[in-house]
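Chemist: below: sequence and its predicted model.
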Amino acid sequence: MSFPLLTATALVPAVGAIVTAAVPAARRAVAKTLALVFSLITLALAAIVFVRFEPGGDRYQLTESHAWIADFGVRYELGVDGIGVALIALTALLIPFVILAGWNDAEPQETGSSRWRPTQGFFALILMVEAMVILSFEATDVFLFYILFEAMLIPMYFLIGGFGDRAHSGSDQNAAAQRSYAAVKFLLYNLVGGLIMLAAVIGLYVVAGSFSLTEIAEARASGELEMATNTERLLFLGFFFAFAIKAPLWPLHTWLPNAMGEATAPVAVLITAVVDKVGTFAMLRFCLQLFPEASQWATPVILVLALISIVYGALLAVGQRDIKRLIAYASISHFGFIVLGIFAMTSQGQSGATLYMVNHGISTAALMLVAGFLISRRGSRLIADYGGVQKVAPVLAGTFLIGGLATLSLPGLAPFVSEFLVLVGTFARYPVAGIIATSGIVLAALYTLVLYQRTMTGPVKPEVKSMPDLKARELAVVAPLIALLIFLGVFPKPLTEIINPAVEHTMSDVQKKDPRPEVEAAQ
Amino acid sequence: MTGLTTLTTLAANTTSTGEAVQFWILGTVAVIGALCTVLMKRAVHSALCLAATMIILAVFYLANGAYFLGVVQIVVYTGAIMMLFLFVVMLVGVTAADSLKETLKGQRWLAALCGLGFGVLLITGIANASLKNFNGLGAANTAHGGNIEGIAALLFTKYVFAFEITGALLITAAVGAMVLTHRERTERARTQRELAEQRVREGRQLPPLPAPGVYARHNAVDIAGLLPDGTPSELTVSRTLRERGQIRDVSTQALEDLKALERRSEDRLGREGHGGPALPGDRNDSGRDGNDSGRDRGGSGHDQDDCGHDQNDSGRDRDEEEAHR
Amino acid sequence: MENLIALLVAAPLLGAAVLLCGGRRLDRSGHWLGTVLAAASFVIGVVLFLDMLGRSADDRALHQHLFSWIPVEGFQADIAFQLDQLSMTFVLLITGVGTLIHVYSIAYMEHDERRRRFFGYLNLFLAAMLLLVIADNYLLLYFGWEGVGLASYLLIGFWQHKPSAATAAKKAFLVNRVGDIGLSIAIMLMFTTFGTFAFGPVLSSVGETGEGTLTAIGLMLLLAACGKSAQVPLQSWLGDAMEGPTPVSALIHAATMVTAGVYLIVRSGAIFNAAPNAQLAVVVVGAVTLLFGAIVGCAKDDIKKALAGSTMSQIGYMILAAGLGPIGYVFAIMHLVTHGFFKAGLFLGAGSVMHGMNDEVDMRKYGGLRTYMPVTFVTFGLGYLAIIGFPGLSGFFSKDKIIESAFAKGGAEGWILGGVALLGAAITAFYMTRVMLMTFFGEKRWQPDAEGQPPHPHESPKSMTIPMVILAFGSVFAGGFFSIGDRFLNWLEPVTGYDHGHAPISAATVTGATVVVLLIGVFLAWAMYGRRPVPVTAPRGSLLTRAARRDLLQDDFNHVVLVRGGEHLTRSLVYVDHTLVDGVVNGTAASVGGLSGRLRKLQNGYARSYAVSMFGGTAVLIAVTLLMRAV
Amino acid sequence: MSPVNYLYLAALLFTIGAVGVLIRRNAIVVFMCIELMLNACNLALVAFSRMHGNLDGQIIAFFTMVVAAAEVVVGLAIIVSLFRSRHSASVDDASLMKL
């Protein structure tokens, strides 16, 4: 019985959450520091996982398995493949920055009584989310995954509803009402999905007689477990629906802009960069692995939805007046790319999609956090309220621009690699879809540059004249992310080489081969 | 003893004609009693009807060979519980009757419907349940030499735990009742001075409440005193009476005084009491001299006023209903 | 030796990194660092060039494989370089002109407090452009391709406080992105067809696939080239790009970046050779742009915009030549190089003029400057002669060759193309003469600037004039040097291939015709602008003139169709998203709410009605049980 | 006559009691009706015990009585305190179930 590394990785932040929450009201600084320390420990553990994982080894490594609810064959089963490792690394990496970025976002208002401890709560909730997300990336037991999938909504709900963005978005005066609306919408939306998924989970148990992903997958592969076509399709839809909401895929996306608009920037990052990844991750791990035939059956529709998401999200991003909502719609567009890559069923597409999850996490984090810094300075989320920031705060503008360029996936920055892989992978099997998706890169440039132009360039608005440039803490948040973006943009090998084997497994699950090139060029 | 033996050899499949007769008569009465319990307007009457039903049930118990239960039924239920009921009814107010007017729309119809359906279903259920060949209680009752011994044997062996627990339950109930009804006096009783000051502060009714109307030939606390403009003032009657609506109107009093006067004048004129509207006073007044008739009239007034204020009871009920709607 | 290749890119990249991250402490020394690193890159280029000359013509190409960039199953993209004669030509042009313009900028940007960043961007551009030309596969080329796009975005919008500059930068990037779609789709097509997109394997195995695929790839590459090289229909950004500082216009939007499209086509020659339809498209685009740019150039009063028009038209020549296939590749590149010299020189001259005239750009407010800034006048004049193809100067050789090869294409096609090329030459002569006259001749039409300061023109400092002089040398002698004994042809031929075609008319006739039309153009211009005084405020002009002033209404078209349409589309989509998509969701929520509201009425709080429901429930249960028993 | 009649009677009484509970507003009367229902059950139990010839039924009936007693005590106490606070023994008045 070796050291339960995966459990530890998820347990540390959980413990951290409890400890942080227990800090007395007056000692806010202590709480923050504790939270940061715990998140860093988690990062260290995640790094160990990353190193200990052998790309060439078994599909699931560092596995743990303990009986949990024996009567239903529910087991506490953990294990990571390359995809999981990558995403765990992403999560563990982002949380410290999120915490650092939200350092002063949850100070108690004057109105709060002495027993009211928002700061502690804020950081505790963030750590709780981290714990659940990491564990959900590790869970190889469907039921365990389902529970985490649902449970992570609760802290998110409080993070969105409890710690909204103080900056007004112009259209709404009663921010609190907007915020609770967004929070409730987020919760209900995802709960509906979870409900349907629960039905599918139970159905799966009835059909397969087990919750263990590995067992079922083996049984499916070896043909022991035959599913009636319709059963499989229904189960697939049940799972996919929940993941499509989480991802979010058009037309189930409308909760995201509200949530991201109302939440503070760090929480918005948490939503789009970390939590939503569970949805796309689950598509890869559960939908494809458990229901290969059904996945292929549904592919055309899903591809269309993904394409709509790409174009639609980008177009709406262009039309936004609110910085954070704009980024939200951009994310919808990017999730479209991820889904496209997953269901293109080519190894380039799927590697690209997995890589995209990581890169999108980093790039959105960078962009959104800088946007958060910007908004906190001016106290407004409206693009129209800015102008000429570049003159007064060049570093802020520069980082913002780099974040934006990453969002429009400029070569040399990480997202380009993944986006191009997705496009190539899609094009190889579905040329038309590939071309449509490619047209998305123009729109991406459009909304990014329009945003940059309206906020950063032009004559300096009187309101922003006295705007300070990035402080040391903020720079400490953004600089590493940007460095990472550049590094992964030029040298993504460390990630790809752990992702590729996992993708090969998935490809063999769906019994798909990459389309061979027309001519074997003389290498 | 013979009765006992006859009862112990209680018929199984069918019963003696005597029992049948008893069943049909008492059963009808019991049902009527139950219906009255439900339908009677005043709680008191309901309680009495219920008591009747329970006694009948006691008899049935006996008839079924449950001697102990029969007695317990009489002693505990009819004796203790029903008396408790009556006590509470009194406490709450004898005539605080609630009308049978329904305040919830359609409630009564629903209730009736459900009741009907329920009853029918239950009875059909019993009907097509296979309840044939019975073995009577004889053996069981005689096993330990009698019903009571039999019960005791079971109670202290098989059901001893349940028995103990019911004991605990009873104690809890007793304590609970005490806790619920006992009102701790949290603040010190206010002195007369404080009361006076409070009255001054509230600024209403500074002087003591006016006395009820007292007449030369009749003093009754339930007659409202007249205000200078001749209208009766509710204040003059004690609160309890007001609660119960047992206030007599001076006008009625005056009216019957007038009638009494007329009648006496008729006496004088030697026409013996015949013809003319029969006045309430008549029967107990006939052949008395007028001196002490006033009090009697007062008494007769009472009877009369009962129905009188019954009317204005229902009047109050109507008001209540207005309030409810 | 091949290990030096990476240094070509590394040096300016390092400069960019240091200058952009360095912070204020580099403000005073930064520009020197930038210039030195650019020069270093040039030196490395020269070293490699000499080494290359030392080897025989057929094994001159150098390869360097750094590391595997995107290793995914069945998809290999490497960071690897290939330095052959074609790349080498570009390397020398880029680093050479680049270094000169660095020097020039030191003085030109002296009074700008963000000079350090300017040099950072310039270095970034150099790095990206070098990466573009020495990449050994299309994806890496794409990397550099977007990199130069970024650099040009940053430099066009360098004076971001000017909304016009910011808009122009955005426009340039967006239009280029449209082209990038073409490039990325082309790469995807290559991947699906050949399973790779490295130059070697793709170009060598062209023969094994159908013409249809190759045509598609070719057209996509052409689209990319149109975007980057400002060819019709994606030319609209170049004019606005003049919002950037003049050195930028000289380096990026005249000498190097805009010629990347030509490089792409010539590099992909094998594909185009096998896809005649694609080639036809290329020549058409080239011819159209050639005239388009020339016409626009005639009407512009803004000196830089006029030069931009000419750039467009000159690149049209190159594209045209590149579209001719092996006949024209070499001359396309040759014209590209000479054009690099004289157009850069012209822009620097224009910059020098603006420098002296309070940044005035309207030629109608110039006039008679030749005496005030002699050096500028001379260098600009030489550049002028070169571009109009005055016999003996660079432009003459390169352009003449292109016209010849256009005729040599043969058939009606050849005649048409040749005619167009000749016409273009005439118009070029016309508008360049116009620029020349309006700027340096005639009477003074100077206007006081915004602060009411009357301009006091003066010669620019040495660090500005020296580069101009060097470029002037280039624009005088480069053409001759290349053409005498076909040096350039022999140099490039192993890479691009060459065939003579079959000229219907002798080279001499063509040359003669060229000179004639040239003289006609010059004369017309002199007649219009040299003889009579030039009005300070532009006359209304003919319909064509007015259209030309507005870039032949291209922008208006874009504005109406794309911008407006796009705005309406997005706005309506936002509405749809809010009412329809979200409306369905909220509608569901509302209906649930309403239902619960109705059910709530059952909870009237009266214990007895609850009791009724319980009682009824019991009854129902009994009924159910009985029924179950019954059946 | 068969002892089953006792069951019919019990059912009848029970129903009447139930209806009473539903239609009366006076808490005390409601209580009485509940007692009536309990008694009906007892009757049924006794009848059963006679039919099956063992005393368990009676035992249960006995327990019912005890519990009923306890329940009445508490219930009436509640009614009294309710009446104290609200001067009414109506069930509807005590409708605190709805906010």
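Modeler: All right, it came through fine.
Chemist: ok, B:Ala224 - how many residues close by?
Modeler: 21 (other CB atoms under 10 Å in any protein chain shown). For the C-beta atoms, the positions are set from N, CA and C on the backbone; glycine is no exception.
Chemist: my guess is it contacts B:Glu234, does it?
Modeler: Yes. A contact is recorded between B:Ala224 and B:Glu234 when judged using CB atoms under 8 Å, the distance being 6.2 Å.
Chemist: get me the contact residues on chain A for chain B.
Modeler: Neighbours of chain B within chain A, by CB under 8 Å from any CB of the partner chain: none found.
Chemist: which strand runs longest in chain A?
Modeler: strand A:61-69 (DSSP state E).
Chemist: end-to-end on stretch C:454-463?
Modeler: Terminal residues of stretch C:454-463 lie 25 Å apart, using CA to CA, to the nearest Å.
Chemist: contacts for that stretch, please.
Modeler: With CB atoms under 8 Å, 6 or more residues apart in numbering or on different chains as the contact definition, stretch C:454-463 has outside contacts at C:103-104, C:106-107, C:352-353, C:355-358, C:360, C:369, C:372-376, C:446-449, C:465.
Chemist: who does the longest strand of chain A touch, helix- and strand-wise?
Modeler: Secondary-structure packing of strand A:61-69 (3 or more CB pairs under 8 Å, 6 or more residues apart in numbering or on different chains; DSSP states H and E): helix A:5-22, helix A:28-52, strand A:74-80.
Chemist: and the average pLDDT for the longest one is what?
Modeler: pLDDT averaged over helix A:28-52 equals 91, rounded to a whole number.
Chemist: list the contacts of residue 305.
Modeler: Since you didn't name a chain, this refers to chain A. A:Leu305 sits next to A:244, A:249-251, A:336, A:339 when contact means CB under 8 Å, 6+ apart.
Chemist: I was after chain C.
Modeler: Taking CB under 8 Å, 6+ apart as the test, what C:Lys305 contacts is C:239, C:242, C:296, C:361.
Chemist: now list the buried members of those residues.
Modeler: When neighbours are counted using 16 or more other CB atoms under 10 Å in any protein chain shown, the contacts of C:Lys305 contain these buried positions: C:239, C:242, C:296, C:361.
Chemist: pLDDT below threshold where in the stretch 1-150 of chain B?
Modeler: For the stretch 1-150 of chain B, residues meeting the criterion pLDDT under 70 lie at B:1-15, B:93-103, B:131-134.
Chemist: nearest spatial neighbour of A:Phe262, skipping sequence neighbours?
Modeler: Phe isn't right for residue A:262; it's Glu. Across the structure, with CB to CB, 6 or more residues apart in numbering or on different chains as the measure, the residue nearest A:Glu262 apart from its sequence neighbours is A:Ala182 (4.0 Å).
Chemist: repeat for C:Ala589
Modeler: Counting by CB to CB, 6+ apart, C:Ala589 lies nearest to A:Leu188, which is 7.0 Å off, once chain neighbours are set aside.
Chemist: tell me, how many neighbours does that neighbour end up with?
Modeler: Counted with other CB under 10 Å, residues neighbouring A:Leu188 total 17.
Chemist: that older thread, so in that sheet, which strands flank the longest strand of chain A, and in what orientation?
Modeler: In its sheet, strand A:61-69 lies beside strand A:74-80 (antiparallel), with partners assigned from DSSP bridges.
Chemist: need the contact partners of the partner strand.
Modeler: By CB under 8 Å, 6+ apart, the surrounding residues in contact with strand A:74-80 are A:4, A:6-7, A:49, A:53, A:60-68, A:88, A:135, A:137-141, A:143-144, A:211-214.
Chemist: please narrow the contacts of stretch C:454-463 to those residing in helices.
Modeler: Using DSSP state H, the members of the contacts of stretch C:454-463 that fall in helices are C:103-104, C:106-107, C:352-353, C:355-356, C:374-376, C:465.
Chemist: so can I have a markdown table of those residues showing distance to C:Tyr329, pLDDT and neighbour count?
Modeler: Supplementary listing: the ones in helices among the contacts of stretch C:454-463 in a markdown table, determined by distance: CB to CB, whole Å; pLDDT from 0 to 100; neighbours: other CB atoms under 10 Å in any protein chain shown:
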| residue | distance to C:Tyr329 | pLDDT | neighbour count |
| --- | --- | --- | --- |
| C:Val103 | 32 | 91 | 21 |
| C:Tyr104 | 31 | 89 | 30 |
| C:Ile106 | 36 | 89 | 20 |
| C:Ala107 | 38 | 87 | 19 |
| C:Ser352 | 35 | 88 | 30 |
| C:Val353 | 36 | 88 | 26 |
| C:His355 | 38 | 83 | 21 |
| C:Gly356 | 41 | 82 | 20 |
| C:Pro374 | 40 | 87 | 13 |
| C:Val375 | 36 | 88 | 18 |
| C:Thr376 | 35 | 89 | 27 |
| C:Thr465 | 35 | 88 | 23 |
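Chemist: thanks a lot, catch you later.
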